[in-house]
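Trainee: requesting a structural model of the entry that follows:
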Amino acid sequence: MAQGHMKKVKASAPKLTQRKQSGSRVIKPKKAALQKQQQMKKKHTAGLTALTEKSLASKAGHLEMLRGGKKDRQAEKATMNQVKKPK
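Mentor: Residues are numbered from 1 along each chain as shown. Here you go, the predicted structure:
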């Protein structure tokens with residue numbers, strides 16, 4: 001025989017960590033040519049990441065999890081149409 005509904009258990013509070021977790025250390029290059037090379041690598045990596053996210057967003061379509069998808073294009077077209085038709 002059923003005794004009744006079970007009580008729902010609340011989720012436990014997240015535990016606070018004792019120390020700040022820091023990332024791995026980076027040793028910067030001392031030679032000027034290597035510094036320039038590292039700057040260029042960082043710049044191009046950021047550009048590739050941006051392009052990848054944009055292409056994923058356009059392919060996501062209705063998901064709209066990322067910027068640059070179908071909804072953004074439709075909003076852009078709507079603003080362009082309003083600009084073209086002032087009267």
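
Trainee: which helix or strand contains the closest residue to residue 38 other than its chain neighbours?
Mentor: Spatial nearest neighbour of residue 38, excluding adjacent residues (Cβ to Cβ, 6 or more residues apart in numbering): residue 29 at 6.0 Å. For the C-beta atoms, the positions are set from N, CA and C on the backbone; glycine is no exception. If you go by DSSP states H and E, residue 29 is not part of any helix or strand.

Trainee: gap between residue 32 and residue 39?
Mentor: Distance from residue 32 to residue 39, counting by Cβ to Cβ, to the nearest Å: 11 Å.

Trainee: actually residue 4, not the one I typed
Mentor: From residue 4 across to residue 39, the span is 67 Å (Cβ to Cβ).

Trainee: pick out whichever of the two has more residues nearby.
Mentor: residue 39 (10 against 5; other Cβ atoms under 10 Å).

Trainee: quick one: contacts for that one?
Mentor: Neighbour list for residue 39: empty [criterion: Cβ atoms under 8 Å, 6 or more residues apart in numbering].

Trainee: kindly list the longest helix within the chain.
Mentor: The longest helix of the chain (DSSP state H) is helix 32-60.

Trainee: after it, next one along is what?
Mentor: helix 70-84.

Trainee: next, the angle from that following helix to helix 32-60.
Mentor: 90 degrees (axes from the mean of the first three to the mean of the last three Cα atoms, to 10 degrees).

Trainee: pLDDT below threshold where in the protein?
Mentor: 1-2, 61-71, 83-87 (pLDDT under 70).

Trainee: so for stretch 46-62, what gets flagged as buried?
Mentor: Within stretch 46-62, the residues scored as buried using 16 or more other Cβ atoms under 10 Å are residue 57.

Trainee: run the chain-centre distance for it.
Mentor: Between the centre of stretch 46-62 and the centre of its host chain there is 10 Å, according to Cα atoms, centre = their mean, to the nearest Å.

Trainee: please save the CA atoms from it in CSV.
Mentor: Taking Å, rounded to 0.1, in the frame of the first residue of the first chain, the C-alpha atoms of stretch 46-62 are listed here in CSV:
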residue,chain,number,x,y,z
ALA,A,46,40.9,35.7,-31.8
GLY,A,47,39.9,36.3,-35.4
LEU,A,48,39.5,32.6,-36.2
THR,A,49,37.4,32.1,-33.0
ALA,A,50,35.1,35.0,-34.0
LEU,A,51,34.7,33.6,-37.5
THR,A,52,34.0,30.1,-36.2
GLU,A,53,31.4,31.4,-33.8
LYS,A,54,29.7,33.4,-36.5
SER,A,55,29.5,30.5,-38.9
LEU,A,56,28.2,28.2,-36.1
ALA,A,57,25.6,30.8,-35.2
SER,A,58,24.4,31.1,-38.8
LYS,A,59,24.2,27.3,-39.1
ALA,A,60,22.3,27.1,-35.8
GLY,A,61,19.4,28.9,-37.3
HIS,A,62,16.4,28.5,-35.0
